[in-house]
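Asks: Give me coordinates for this.
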Amino acid sequence: SWGGWLLKRCTRLYRPVFYYLAFWTVTLAVLRFVLPEHVYEPIAGISIQLLWFLGAYVLVLAAVPLLAHITTTGQVIGAVVGTYAFIAAIDVVRINMDGYAALGYLNTVVWLIPGVFGVAYRRHLLSSGAACKIGIGMLGV
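Replies: Below is the predicted model of the structure:
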């Protein structure tokens, strides 16, 4: 089943994360007494920021059944444009209205776009040359 596969993939992924977190827990406990606060705080902050990719990876894994329904170039375009529109709407709200900054976390859906391109490439809806041109254009945006 899909849920079992996802859970298995996540379990394999998260097991090393616990070792990573254990390492940083011990390291930060020691460094707190050794380093001055202005040096310690950035190190403590960056130690967990490096885990952002886990959320993106799990999001894309969870979306694979939805992405698997993409079978036409029009659906590829619709998925990419729809994702950008969602992100733009979130940004309009969170930037222009006080108290909505946390909505920015929803922008992690941007990581579905490479998943869409992966499906499109696998289904021969997108050539490697076109993918490269689109990627460069998106990077510019």
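
Asks: Grab the nearest non-local neighbour of the residue positioned nearest the centre of the chain.
Replies: Centroid-nearest residue in the chain, with C-alpha atoms, centre = their mean: A56, separated by 2.4 Å. Spatial nearest neighbour of A56, excluding adjacent residues (C-beta to C-beta, 6 or more residues apart in numbering): W111 at 4.0 Å. For glycine as for every other residue, the C-beta is placed from the backbone atoms N, C-alpha and C.

Asks: what packs against the helix or strand harbouring the residue nearest to the centre of the chain?
Replies: In this structure, A56 sits in helix 52-67 according to DSSP states H and E. Counting contacts by 3 or more C-beta pairs under 8 Å, 6 or more residues apart in numbering; DSSP states H and E, helix 52-67 packs against helix 2-34, helix 112-122.

Asks: What residues sit buried inside the following helix or strand past that helix?
Replies: Remark: after helix 52-67, the chain's next helix or strand is helix 73-96, criterion DSSP H and E. Buried residues in helix 73-96, counted by 16 or more other C-beta atoms under 10 Å: Q75, V76, A79, V80, T83, I87, I90, R94.

Asks: Stretch 99-111 now?
Replies: Buried-residue list, stretch 99-111, by 16+ other C-beta under 10 Å: V109, W111.

Asks: pLDDT weak spots in this structure?
Replies: 1-3, 5 (pLDDT under 70).

Asks: Go again with 50.
Replies: Within the chain, no stretch has pLDDT under 50.

Asks: what packs against whichever strand or helix holds A131?
Replies: Assigned by DSSP H and E, A131 belongs to helix 128-140. If you count contacts as 3+ C-beta pairs under 8 Å, 6+ apart, helix 128-140 packs onto helix 112-122.

Asks: could you give the angle of the helix it packs on to helix 52-67?
Replies: 50 degrees (axes from the mean of the first three to the mean of the last three C-alpha atoms, to 10 degrees).
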